[in-house]
Every structure is written in C-alpha cells, then in structure tokens.
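Trainee: The following block contains a protein sequence and its predicted model.
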Amino acid sequence: MSSLSRLPPGTPGVSTPKQLAQLHEQIVRFLRDGWGAGHDAYAALSARGRNQLVPDSTHGIPNEKPDVVIFAVIEVLDEIKNGSKTANAQRRDDFSVYGSAD
C-alpha cells in the first residue's frame, strides 16, 4: 500500500489526503472481502482444491516457502496412495475427459 503515496501529483481521485485515504480503504476492503472469496471459489472448482494463505510469502511461494509446496504435493500423493474417495473420484473424472479408462 505504500505505493499509493508514490502516485504522480494530479492523479485523478487522489489529489487530497482524504481521497488518498478513501482509495486506500477501498483497496483494503477489496482485498479483505473480494480477493479471498474469489480464490475460495476458484479452489472449489477442484475436488481437492483449497485456498491456503502462506504467511510471509508473495507470489514466489515455491522459492520462498518450498516446504509448504512440498507438503501439499505429499498430501496429494498420500491421498492417491491411500485410495481416498476424493483422489479416486478425481482420477475417474480425469479419465472421463478422454473416454473410458477400462
């Protein structure tokens, strides 16, 4: 959010401290109320999807927090190995795209 203070002078809608504060609040509200809900909806499209916030990371999670990525992959492999209903259902759905797996 500190980048808001670096907007060029005369930027429409943020020419006063009050307007800048209002823009900041709108962005915070969007991130709090809209962004997470969108990620939740996207994750719900998968049988095993989930929206997981990783503290102290950015979009570079594989580089910044590789242990989180490794653990997520291990979880999926364990589900498949243990024959969980979710994993079997997903594999079955994957085959249905190409025709019968039989």
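Mentor: Ah, there it is. Source: prediction; values computed, not measured.
Trainee: list the contacts for Ser15?
Mentor: Neighbouring residues of Ser15 by C-beta atoms under 8 Å, 6 or more residues apart in numbering: Pro9. For the C-beta atoms, the positions are set from N, CA and C on the backbone; glycine is no exception.
Trainee: Mind telling me what element the residue nearest the centre of the chain is part of?
Mentor: Nearest to the mean C-alpha position of the chain, by C-alpha atoms, centre = their mean, lies His39 at 4.8 Å. Here His39 sits within helix 36-43, counting by DSSP states H and E.
Trainee: rewinding a little: tell me, how many residues neighbour the nearest residue to the residue nearest to the centre of the chain once chain neighbours are set aside?
Mentor: Using C-beta to C-beta, 6 or more residues apart in numbering and skipping the chain neighbours, the partner closest in space to His39 is Asn51 (4.3 Å). Residues within reach of Asn51, counting by other C-beta atoms under 10 Å, total 13.
Trainee: and if you look at Val14?
Mentor: Around Val14 there are 19 other residues, counting by other C-beta under 10 Å.
Trainee: Ok, Ala21 next?
Mentor: So Ala21, with other C-beta under 10 Å, has 12 neighbours.
Trainee: buried sites along the helix or strand harbouring it?
Mentor: Using DSSP H and E, Ala21 falls within helix 17-29. The neighbour-count check on helix 17-29 (16 or more other C-beta atoms under 10 Å) flags 20, 23 as buried.
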